[in-house]
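build me a structure from this.
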Amino acid sequence: MKDNVISIVINLDTRPGIFDEFTTAEVMLKGTRSIDFLTDGVRNKSKFFDGYEKEVVLFVDTHEMVPPTTMKEMSDIADVVVISRHAEYYNVCDLYPKHNDIRYLQALFMARGKYIAHFDADTAAFCNDKSVISDWIRDVDCGKYDYISYPSHWSPVAIDDPDFSDYMWASTRFFFCRRDILKFDEIIRCLSDNVYLYEKYPAKRHCPWLEHILGLMSSREKVFYPKIEPNRYLIFSWNGYRRGRLAEMNSWEYSQVQSFVMGKGINYPNDVDGR
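Alright, predicted model coming up:
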């Protein structure tokens, strides 16, 4: 592979509800789910990086079986597909259920490109100005930022909260980075040992999740949330999703996508109602 490849790493799941006509992110940390995310959602994120050398890596946390037709579609549009049976255990401390974090880490490890664009399944991405991507590459190559995350109302940070005045997390909803910034051995140790984590990386607020560990291992100034620029691009998560919406939007002109999203409004932290 060439050394300028962007690995598009997507963490997916098949939690109950994936076949429903409509789902909502009704509980914190429990996002929308849809069978669409395994196919049209992947096409959506891959299209964002059209014009750049890329690979697509999918890691599916399987609760309900993936239909054979969906498996075939995923195999056609991705370079790597991992189907992992859901399990809520791992050889880490019992202070926090970190099985989700381990799945994130497993997916990231499979990336072979120089750069990683990580997405959660329920995140959507539309690009009108491909120079956005070259800007990201420039900024991580020169060391200006370690992680570039989704556009935020509170740019250059994710939230206006004094509890996070000493660090900022790299949201797994979306972040862009160089692969070599991920020190996997150290990340695993931090996930495994909260005492070690906070002795080495002190923080006012303790959130021992992978995205927070990435931020703690970096610095507040090196984790960047760009301002919202809907004329250039849109990255957001669904707080409500109707089946078929992504297939529709993937076929729209960017101006139609922009009109739809901004008409719905981007709510805290970067959510859009997809009904």
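
what's the spacing between residue 266 and residue 153?
8 Å (C-beta to C-beta, to the nearest Å). In short, each C-beta sits where N, CA and C put it, glycine included.

which of those two has more neighbours?
A direct count of neighbours by other C-beta atoms under 10 Å for residue 266 and residue 153 places residue 266 higher, at 20 against 15.

ok, that one touching residue 229?
No: Residue 266 is beyond contact range of residue 229, at 11.7 Å (criterion: C-beta atoms under 8 Å).

so what sits against both of residue 266 and residue 153?
residue 228 (C-beta atoms under 8 Å, 6 or more residues apart in numbering).

where along the stretch 1-150 of the chain do the strands fall?
6-13, 22-24, 54-62, 80-85, 115-120, 123-127, 147-149 (DSSP state E, counting those that start in this stretch).

distance to residue 248, mean pLDDT and mean neighbour count added to those strands, as JSON lines?
JSON lines is the format used below for these (distance: least, C-beta to C-beta, whole Å; pLDDT from 0 to 100; neighbours: other C-beta atoms under 10 Å):
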{"stretch": "strand 6-13", "distance to residue 248": "20", "mean pLDDT": "97", "mean neighbour count": "24"}
{"stretch": "strand 22-24", "distance to residue 248": "14", "mean pLDDT": "92", "mean neighbour count": "19"}
{"stretch": "strand 54-62", "distance to residue 248": "21", "mean pLDDT": "96", "mean neighbour count": "21"}
{"stretch": "strand 80-85", "distance to residue 248": "25", "mean pLDDT": "90", "mean neighbour count": "14"}
{"stretch": "strand 115-120", "distance to residue 248": "19", "mean pLDDT": "98", "mean neighbour count": "25"}
{"stretch": "strand 123-127", "distance to residue 248": "12", "mean pLDDT": "98", "mean neighbour count": "22"}
{"stretch": "strand 147-149", "distance to residue 248": "27", "mean pLDDT": "98", "mean neighbour count": "26"}
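
is it possible to export these to TSV including distance to residue 194?
As requested, the strands of the stretch 1-150 of the chain are exported to TSV (distance: least, C-beta to C-beta, whole Å):
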stretch	distance to residue 194
strand 6-13	23
strand 22-24	32
strand 54-62	23
strand 80-85	25
strand 115-120	23
strand 123-127	28
strand 147-149	22
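
where along the stretch 101-250 of the chain do the helices fall?
Listed in chain order, the helices of the stretch 101-250 of the chain (DSSP state H, counting those that start in this stretch) span 131-141, 184-192, 194-200, 210-217, 245-251.

which parts of the second one are buried?
Read it as helix 184-192. 187, 188, 190, 191 (16 or more other C-beta atoms under 10 Å).

which one of those is nearest residue 220?
residue 190 (17.2 Å; C-beta to C-beta).

mean neighbour count, the helices of the stretch 101-250 of the chain: which tops it?
helix 210-217 (a mean of 24; mean count of other C-beta atoms under 10 Å).

and that helix with strand 115-120, angle?
140 degrees (axes from the mean of the first three to the mean of the last three C-alpha atoms, to 10 degrees).

packing partners of helix 210-217?
In terms of contacts (3 or more C-beta pairs under 8 Å, 6 or more residues apart in numbering; DSSP states H and E), helix 210-217 is packed against helix 99-109, helix 184-192.

related to what we said a few turns ago, and the two most separated of the buried residues of helix 184-192?
188 and 190 (7.3 Å).

check whether residue 204 really touches residue 166, as I assumed.
Yes: counting by C-beta under 8 Å, residue 204 touches residue 166, with 5.5 Å between them.

which one of these two has more residues nearby?
Of the pair residue 204 and residue 166, residue 166 is the one with more neighbours under other C-beta under 10 Å, namely 15 against 10.

residue contacts, the more buried one?
Counting by C-beta under 8 Å, 6+ apart, residue 166 has contacts 202, 203, 204, 220.

residue 100: which of those residues is nearest?
residue 203 (19.9 Å).

my guess is that closest one contacts residue 167, does it?
Yes: Residue 203 sits in contact with residue 167 when judged by C-beta under 8 Å, with a separation of 5.7 Å.

quick one: which of those two has more around it?
Each of residue 203 and residue 167 had its neighbours counted (other C-beta under 10 Å), and the higher figure belongs to residue 167 (22 against 16).
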